[in-house]
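Peer 1: Sharing a model that was predicted from the sequence below.
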Amino acid sequence: MSMTSTAPSRREAQSSALKPRVLIVEDETALVELLRYNLEQAGFRVSIATDGEEALALVQEDTPDLILLDWMLPLMSGIEVCRQVRRQTASANVPIIMLTARGEEGDRVRGLDAGADDYVAKPFSPTELVARIRAVLRRIRPALAEEALSYADIVMDLVAHRVTRDGKPVHLGPTEFRLLRHFMEHPGRVFSREQLLDSVWGKDVYVEARTVDVHIRRLRIALNGPDQTDLIRTVRAAGYALDAQG
Ligand code: CA
């Protein structure tokens, strides 16, 4: 496993945390590099394991959004890794795409039986693989597959990290960006301050509930021009929602 030589700045860490993370489990170095390059270009974060045990350890440490899993691996087969990933509660629903040199129907069925969501036979074109990844994410984790989210006249470009309202740029800090993204992924739904803290700040971070109000206020100021409707609805005693009807 390669180590990064420099720690990312706080801003980079926060913006990259928005991209879906794909765990590549493959022992062929050249293929790993090809996959890494193409997935990063397509806006994914990538982590790499070169055998099954390393893969299971990484999955346990931090559940990825999708696993690209080679069938033929040293020590433990991809099929066995797939079964074990499925057995653990935290990773039971992670989308898995199996990669394999075997193209036979029987193997395809075995892969799907073990809990894989899709199956791509080698050799494959990186473009096709990226399309399959997006298709699987769209089916299982719809919000993650999208490169852009839109609601009413707001558009969030998740790859370029740009937001516009009515075609005009909106400048958001990293926390406001994540807040808005969370709302845009669940339009109309009311979230309590505690729920927003868990989803936007993370469960392990201690932040006072009032902090949410501060960032909601900043989000409103950034989002609402003088003649624009406030799309963020305050629900007394309940929380906040993104709601064009409100
Ligand atoms: Ca292999």
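Peer 2: Sure, I can see it. Numbering: from 1, shown residues only.
Peer 1: Worst mean pLDDT across the helices and strands of this structure, which element?
Peer 2: The weakest-scoring helix or strand in the chain, judged by mean pLDDT, DSSP states H and E, is helix 10-16 (a mean of 41).
Peer 1: can you give me the strands for the chain?
Peer 2: 21-25, 45-49, 66-70, 96-100, 118-121, 148-151, 154-157, 162-165, 168-170, 232-235, 239-242 (DSSP state E).
Peer 1: Which among these is found nearest to V214?
Peer 2: Set against V214 and scored by CB to CB, these come closest in strand 239-242, at 12.5 Å. Heads up, the C-betas are built off the backbone N, CA and C, glycines and all.
Peer 1: tell me, how many neighbours does the closest residue to L35 other than its chain neighbours end up with?
Peer 2: Excluding the flanking residues, the one nearest L35 by CB to CB, 6 or more residues apart in numbering is I24, at 5.2 Å. I24 has 24 neighbours, counted by other CB atoms under 10 Å.
Peer 1: Read off the pLDDT value for the residue nearest to the spatial centre of the chain.
Peer 2: Taking CA atoms, centre = their mean, the centroid of the chain lies closest to P20, which sits 2.5 Å from it. pLDDT, P20: 86.
Peer 1: wait, it sits on V46?
Peer 2: No: P20 is beyond contact range of V46, at 10.1 Å (criterion: CB atoms under 8 Å).
Peer 1: who in this structure is up against the ion?
Peer 2: Where the chain comes near the ion, counting by CB under 5 Å from the ion, the residues are 27, 70, 72.
Peer 1: follow-up on the earlier one: distance check, the residue nearest to the centre of the chain against L158.
Peer 2: Relative to L158, P20 is positioned 9 Å away (CB to CB, to the nearest Å).
Peer 1: And for T175?
Peer 2: 16 Å.
Peer 1: about what we covered before: out of the residues of the chain next to the ion, flag the one nearest to P187.
Peer 2: The closest of the residues of the chain next to the ion, once distances to P187 are taken by CB to CB, is D70, at 38.1 Å.
Peer 1: Kindly state the beta-bridge partners for the closest one.
Peer 2: L99 (DSSP bridges).
Peer 1: number of nearby residues for it?
Peer 2: 26.
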